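Trainee: Sequence below, structure please.
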Amino acid sequence: MLTPPSSKTRVLIVDDSSFMRMAIRSVLSKEATIDIVGTAVDGIDGVEKAILLKPDVITMDVEMPRMDGIAALKQIMAKAPTKVLMVSTLTNDGAKSTFEALEAGAVDYIPKNVTDSPEAQGIFREELLRKVKDAVRTRFNRPVSPSASVIASPAAAPRLHSSSAPARLSSKLSGKKISYVGIGASTGGPVALQEVLSRIPATFPYGIMVGIHMPKAFTGPYAERLNAKCSLNIREAVDGDILKPGLALIAPGGMHTTLVKRGGNVVVKVCPTSIYPQYVYIPSVDLLMSSMAEATAGSMLGVILTGMGNDGFKGMQLLKQSGGVTIVQDEASSTIYGMPKACVEGGLADEVLPLGQIGFEIAKFAG
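Mentor: Numbering: from 1, shown residues only. Here you go, the predicted model:
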């Protein structure tokens, strides 16, 4: 029997917990633009219903009996490609599984944080609704990072002077000088950032600071994953860290990160979100980029990758006013062309590049 066409977003819920299935259904069913077309109790059931029901979006639990969420995701991508949101526990293992799922084709993830706390329940409701709606707008055919399969060890990463990556900077960036690099990303960012950093050699002479929208429990495991797959030394930032050559620091989740000048160094300053209540996104790319532009006196490269909204726009604006250099990801390779679009339309991009070229272009600043 054919499913009649609908203007609503058709969602399939896959979770072995009856409580979670009910919680997700309760949130989404209240939204007039969303239609719950079915539920599944494990990965095998989820694959079968994905093929049968052809939903627009699937919420997929990671840990399930018979077939887990990652195995189910891979089968769905092979048999009935669908936009999948992983529902992940806020643990180290949950984070690792989530990043594996993103590399396998999931468009985003939702932290599973449903407790008796009204505040936590409110955050979960808002996050779930926002991410389901965002998933509809994602580019489903966005490239999965080749570094996930090509780069098995740090020694394999540098491939900077191949025929596809000329040694000279593009004409728009030629002659520009930098001392630091700041990178911002959101939806689609975990895979995109891995692609970018994997193209930069361990000998890169400038410190790198990264701001990506992630919960507190995820940024540490994410930094460890990047460190294992890239030549650079990559770790989660802590208060007092100094930006150094060959080091990429990931701003910790659940709080804000700024950069300050101390003597001859640019130093990380981590602070609670209550100090900067005006910033909605956490960690704030705007705050990170703005403070970094001031701390470096504009002697930096700002990079904005895929992401929803316009976080990073004000930071890039200040960077340009300070004499800095900017690169923005192009629309075709972005999972969500929100953050990059804001910078392009605001005239802040010195260069607009596809994801696969950005890491190479950054590396060329090493001269």
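Trainee: Quickly note the distance from the closest residue to residue 170 other than its chain neighbours to residue 329.
Mentor: Distances taken as CB to CB, 6 or more residues apart in numbering place residue 351 nearest to residue 170, at 5.7 Å, with adjacent residues excluded. Placement of C-beta: from N, CA and C, glycine included. For residue 351, the distance to residue 329 equals 10 Å [CB to CB, to the nearest Å].
Trainee: what does residue 55 give?
Mentor: Residue 55 is 28 Å from residue 329, by CB to CB.
Trainee: who has more neighbours, these two?
Mentor: residue 329 (31 against 24; other CB atoms under 10 Å).
Trainee: Walking through the stretch 1-150 of the chain, point out its helices one by one.
Mentor: Taking DSSP state H, counting those that start in this stretch as the criterion, the stretch 1-150 of the chain contains helices spanning 18-28, 43-53, 69-79, 92-104, 118-137, 147-150.
Trainee: Out of the helices and strands in this structure, which is least certain?
Mentor: The least trusted helix or strand in the chain, going by mean pLDDT, DSSP states H and E, turns out to be helix 147-150, with a mean of 38.
Trainee: and the closest residue to residue 200 other than its chain neighbours, how far is that from residue 312?
Mentor: If the residues on either side of it in the chain are set aside, residue 200 comes closest to residue 363, at 4.9 Å by CB to CB, 6+ apart. Look at residue 363 and residue 312: by CB to CB, they are 21 Å apart.
Trainee: These two: who's more crowded?
Mentor: Counted by other CB under 10 Å, residue 363 and residue 312 do not tie: residue 312 has more neighbours, with 35 against 20.
Trainee: Show the contacting residues for the more buried one.
Mentor: Going by CB atoms under 8 Å, 6 or more residues apart in numbering, residue 312 touches 184, 285-286, 289, 302, 304, 339, 342-343.
Trainee: So what touches the strand or helix carrying residue 260?
Mentor: Element membership of residue 260, judged by DSSP states H and E, is strand 256-262. Outside strand 256-262, the residues that touch it by CB under 8 Å, 6+ apart are 209, 211, 237, 243, 251, 266-273, 275-276, 279, 282-284, 287-288, 291-292, 294-296.
Trainee: buried set for that strand?
Mentor: Buried positions in strand 256-262, judged by neighbour count with 16 or more other CB atoms under 10 Å: 256-259.
Trainee: ok, residues contacting whichever helix or strand comes after that strand?
Mentor: Next along the chain after strand 256-262, taking DSSP H and E as the criterion, comes strand 265-271. Strand 265-271 is contacted from outside by 180, 207, 209, 237-243, 249, 251-252, 255-261, 291-292, 295-296, using CB under 8 Å, 6+ apart.
Trainee: Leaving out sequence neighbours, find the closest residue to residue 132.
Mentor: residue 57 (5.6 Å).
Trainee: contacting residues for the one you found?
Mentor: Residues counted as contacts of residue 57 (CB under 8 Å, 6+ apart) are 9-12, 82-85, 132, 135-136.
Trainee: before we move on, what about residue 350?
Mentor: 172-173, 176, 325-327.
Trainee: Buried ones among these?
Mentor: Here, 16+ other CB under 10 Å leaves 173, 176, 325-327 buried among the contacts of residue 350.
Trainee: hang on, the earlier thing: need the next SSE after the least confident helix or strand of the chain, C-terminal direction.
Mentor: strand 180-185.
Trainee: Go through that following strand and flag the buried ones.
Mentor: 180-185.
Trainee: elements contacting that strand?
Mentor: Here strand 180-185 touches helix 189-197, strand 207-212, helix 285-295, strand 300-304, helix 313-321, going by 3 or more CB pairs under 8 Å, 6 or more residues apart in numbering; DSSP states H and E.
Trainee: Between strand 207-212 and the fourth one, find me the angle.
Mentor: Orientation note: strand 300-304 sits at an angle of 20 degrees relative to strand 207-212 (axes from the mean of the first three to the mean of the last three CA atoms, to 10 degrees).
Trainee: What pairs with strand 300-304, parallel or antiparallel?
Mentor: strand 180-185 (parallel), strand 325-329 (parallel) (DSSP bridges).
Trainee: Of all these, which one is nearest residue 218?
Mentor: When those are compared by CB to CB, strand 180-185 sits nearest residue 218, at 13.3 Å.
Trainee: now the closest one and strand 256-262, what's the angle there?
Mentor: 170 degrees.
Trainee: residues in contact with strand 180-185?
Mentor: 192-193, 196, 206-213, 243, 266, 285, 288-289, 292-293, 296, 299-307, 311-312, 315, 319, 339, 362, 365.
Trainee: Find the residue closest to residue 208 in space, skipping its chain neighbours.
Mentor: Leaving aside its sequence neighbours, residue 208 sits nearest to residue 248 (CB to CB, 6+ apart; 3.9 Å).
Trainee: what's the pLDDT at residue 112?
Mentor: You'll see residue 112 listed with a pLDDT of 82.
Trainee: wait, which of the buried ones among the contacts of residue 350 is closest to residue 65?
Mentor: residue 327 (45.2 Å).
Trainee: give me the low-pLDDT residue ranges for this structure?
Mentor: Per-residue confidence for the chain (pLDDT under 70) gives these ranges: 1-6, 114-116, 140-167.
Trainee: domains for it, by residue range?
Mentor: Using automatic domain parsing, the domain parsing of the chain gives 9-137, 161-364.
Trainee: Many thanks, we can stop here.
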